[in-house]
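>>> Mind looking at a prediction? Sequence and model below.
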Amino acid sequence: MRLRQPANRMTDLEANQGARSHQSVLHVPREENDILYWCPACKSQNTQRLSTVHMSGLSQFSAITGGVGWTGAPAIGGAWTTGTSQTQLSAIAAPPPKKSYRNGLLLLFLSPLVAAIVAEVAFLIAQRVFGTTLIYEQLATISFFALEIGAIALLLRVFAFNKNIWPRLFREWQMSFLCRRCGQIFVPGSAP
Ligand SMILES: [Zn+2]
């Protein structure tokens, strides 16, 4: 007891001094840093990295869905609001999505079928409107090749986007911040 009291006072004093000097040393550069992360729209310092907003929103949402499953119907209303606002914020802060090859591939593989349908429809319309009969096989072949070309063009566009444009969007997202006061999304250090 006798030994501990002065020892405590010493450490308290040291801690105070330490904290004060720690603060003064750390405070100056931190303020400088903070200026960079100020919201350009409202000058609020209440900003957060977009990726962090996105991830925290995701984890919170999954916790809430677990609660919905467990508590049942009456809790859904209550959980719904928080769940939705979290997801909306998380969705706003979501990284830019890569484009999907699904539509292009689907069109590529379904083009024989789609071509047959297109040819059938064109055949019937031509018969009704013009009274002439177009050759069904030719229509089918033409629309098949048109669809194939369309599908390949679509796939090439998706490929070009994912390879050339998406990485830039993703880097931009990684550097972006969200203002928690006014909702402005900005890249620190750049003009709004
Ligand atoms: Zn703001």
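Yep, it's here. As the structure is a computational prediction, the values presented were derived from the model and not from experiment.

>>> Now the element after the helix or strand in which R168 is found, going C-ward?
In this structure, R168 sits in helix 166-175 according to DSSP states H and E. Proceeding C-terminally, helix 166-175 gives way to strand 177-179 as the next helix or strand, assigned by DSSP H and E.

>>> other SSEs contacting that next one?
Using 3 or more CB pairs under 8 Å, 6 or more residues apart in numbering; DSSP states H and E, the elements in contact with strand 177-179 are strand 47-49, helix 50-71, strand 185-186. No exception for glycine: its C-beta is placed from N, CA and C like everyone else's.

>>> residues touching the nearest residue to A41 once chain neighbours are set aside, list them.
The shortest distance from A41 to any residue other than its chain neighbours is 4.2 Å, reached at Q184 (CB to CB, 6 or more residues apart in numbering). Under the criterion of CB atoms under 8 Å, 6 or more residues apart in numbering, the neighbours of Q184 are 39-42, 178, 192.

>>> Now do the domain split for this protein, please.
Domain assignment for the chain, taken from automatic domain parsing, gives 1-41, 48-94, 102-175.

>>> Worst mean pLDDT among these?
Of all the domains of the chain, domain 1-41 carries the lowest average pLDDT, namely a mean of 51.

>>> Return the residues of the chain in contact with the ion.
By CB under 5 Å from the ion, the residues of the chain that approach the ion are 39, 41-42, 44, 179, 181-182, 184.

>>> same thing but 8 Å
Proximity of the chain to the ion is assessed by CB under 8 Å from the ion, with 39-44, 46-47, 179-184 identified as the residues in range.

>>> and which of those is nearest to P112?
Here the nearest of those to P112, counting by CB to CB, is G183; it sits at 48.6 Å.
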